[in-house]
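Undergrad: curious how this folds, go ahead:
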Amino acid sequence: MLQSSKIYIAGHNGMVGSAIKRKLEKSGFFNFVYRSSNELDLRNQAEVQAFFHDEKPEYVFLAAAKVGGILANNTYRAEFLYDNLIMEANIINAAYLSEVTKLMFLGSSCIYPKLAPQPLKEEYLLTGELEYTNEPYAIAKIAGIKLCDAYRSQYGCNFISVMPTNLYGPNDNYDLEKSHVLPAMIRKFHEAKKNNLKEVIIWGTGSPLREFLHVDDLADACIYLMQKYNEPGLVNIGVGHDISIKDLAILVKEIVGFKGDIIQDLSKPDGTPRKLMDVTKLSEAGWKAKIGLEEGIRSVYHDLINEAWY
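TA: Below you'll find the model as predicted:
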């Protein structure tokens, strides 16, 4: 991938797509093409094919997706399955028709079976039942992986797939009803400090273990793999270690500077006990995460303090 190569980032306004764009720009890449959802409906096959025909991108980062938390995933099951299936299928097929040099499909760790052994290895895909609440999204992402492999097998397309772990960073969602655990925790502790509250409540025992990757590290890994990796299947992208929800709460409390207590609501569920990605394949490909969790959260919070996100 040359600095002058024409690059299309599908989903360039989202947390992942915008991070990839930032990283590429810092690395000297400049020849970008992208469209907002108002300009190009990725669910419309004719529009997508016309876009690829006219623009002829050489490299494609497929980061566009309909996303949401557990409630949204479970409520809008048809939309999450249909929209994600049709978007990825349209882009992957158009990339083939317009002879794109290389495409990267970004998925999610939710593709793995609910009861898969830990840490999650790439070969565990399709070895058991999925978590019901996000099954439609997971099925769409699995279909994307298999579609990339099918186009590789039948047509010789250099299409690769990567599966990130839990992400955080710039352009994250801090809506308490829709956000994931880390951004929600940052906002809760910030608002508790701001409003001089005496306590912050976290769900369950705090014992579940979760892995967190800064989105700038993800972007770095994606660009590295786009340049270096050319194999079928999928590659996990993560840090290779995790932290308990209780210890995460203590860390966020310290970073925010909240002086009150952490209260555990034991009437609420813990969720999956552990969800850790095996990153052996990624390490063997020559990449490792650089941003530590404390460093990453401090950076995120510093950038948010003066924003109208709360």
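Undergrad: can you give me the helices for the chain?
TA: 15-26, 45-55, 70-75, 77-97, 135-155, 181-194, 215-228, 245-256, 280-284, 293-304 (DSSP state H).
Undergrad: which of the ones you listed has the lowest average pLDDT?
TA: Per-segment mean pLDDT for the helices of the chain reaches its minimum on helix 70-75, at a mean of 78.
Undergrad: so who does residue 55 touch?
TA: 6, 8, 33 (C-beta atoms under 8 Å, 6 or more residues apart in numbering). For every residue, glycine as well, the C-beta is placed using N, CA and C.
Undergrad: make a markdown table from these and add pLDDT to it.
TA: Formatted as a markdown table, those follow (pLDDT from 0 to 100):
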| residue | pLDDT |
| --- | --- |
| 6 | 98 |
| 8 | 98 |
| 33 | 96 |
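Undergrad: and those, which is closest to residue 93?
TA: Distance to residue 93, by C-beta to C-beta, is smallest for residue 8 among these, at 14.3 Å.
Undergrad: can you pull the contacts of the residue nearest to the closest one when sequence neighbours are not counted?
TA: Sequence neighbours aside, residue 57 is the residue nearest to residue 8 in space, at 3.7 Å (criterion: C-beta to C-beta, 6 or more residues apart in numbering). By C-beta under 8 Å, 6+ apart, residue 57 lies in contact with 6-8, 33, 98, 100.
Undergrad: got the phi and psi for residue 57?
TA: Main-chain dihedrals, residue 57, degrees, to the nearest 10: phi -70, psi 150.
Undergrad: which member of the contacts of residue 57 is positioned nearest residue 252?
TA: residue 7 (35.0 Å).
Undergrad: distance of that closest one relative to residue 151?
TA: Distance, residue 7 to residue 151, by C-beta to C-beta, to the nearest Å: 19 Å.
Undergrad: residues in contact with residue 30?
TA: 3-4.
Undergrad: now with 7 Å, please.
TA: residue 3 (C-beta atoms under 7 Å, 6 or more residues apart in numbering).
Undergrad: next: residue 243.
TA: So residue 243 contacts 209-210, 293 (C-beta under 7 Å, 6+ apart).
Undergrad: now the contacts of residue 57 as TSV including distance to residue 202 and neighbour count?
TA: Formatted as TSV, the contacts of residue 57 follow (distance: C-beta to C-beta, whole Å; neighbours: other C-beta atoms under 10 Å):
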residue	distance to residue 202	neighbour count
6	46	17
7	41	24
8	41	24
33	43	17
98	48	17
100	45	22
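Undergrad: could you single out the nearest of these to residue 52?
TA: residue 98 (4.1 Å).
Undergrad: so what's the closest one closest to, chain neighbours aside?
TA: That would be residue 52: by C-beta to C-beta, 6+ apart, it lies 4.1 Å from residue 98.
Undergrad: please apply the same query to residue 173.
TA: residue 179 (4.6 Å).
Undergrad: pretty sure residue 63 contacts residue 16?
TA: Yes. Look at residue 63 against residue 16 with C-beta atoms under 7 Å: they come within range, at 4.5 Å.
Undergrad: and for those two, which residues touch both?
TA: Common neighbours of residue 63 and residue 16 (C-beta under 7 Å, 6+ apart) are residue 106.
Undergrad: domain parsing of this protein, as residue ranges.
TA: Domain assignment for the chain by automatic domain parsing gives 7-169+212-238+277-291, 181-208+242-275+299-304.
Undergrad: circling back to that earlier point, need the contacts of residue 55 in JSON lines (columns: distance to residue 204).
TA: Compiled in JSON lines, the contacts of residue 55 are given as follows (distance: C-beta to C-beta, whole Å):
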{"residue": "6", "distance to residue 204": "48"}
{"residue": "8", "distance to residue 204": "42"}
{"residue": "33", "distance to residue 204": "45"}
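Undergrad: returning to that earlier point: quick check: the residue nearest to residue 8 vs residue 103, distance?
TA: 9 Å.
Undergrad: what of residue 116?
TA: 27 Å.
Undergrad: quick one, which of the two is more surrounded?
TA: residue 103 (26 against 17; other C-beta atoms under 10 Å).
Undergrad: hang on, that one packs against residue 62?
TA: Yes. Between residue 103 and residue 62 there is a contact at 6.3 Å, judged by C-beta under 7 Å.
Undergrad: neighbours of the closest residue to residue 164 other than its chain neighbours, just the number please.
TA: Sequence neighbours aside, residue 237 is the residue nearest to residue 164 in space, at 4.7 Å (criterion: C-beta to C-beta, 6+ apart). By other C-beta under 10 Å, the residues close to residue 237 number 27.
Undergrad: do you know the pLDDT at residue 237?
TA: Reported pLDDT for residue 237: 98.
Undergrad: I'd say it and residue 285 touch.
TA: No. Look at residue 237 against residue 285 with C-beta under 7 Å: they stay out of range, at 10.3 Å.
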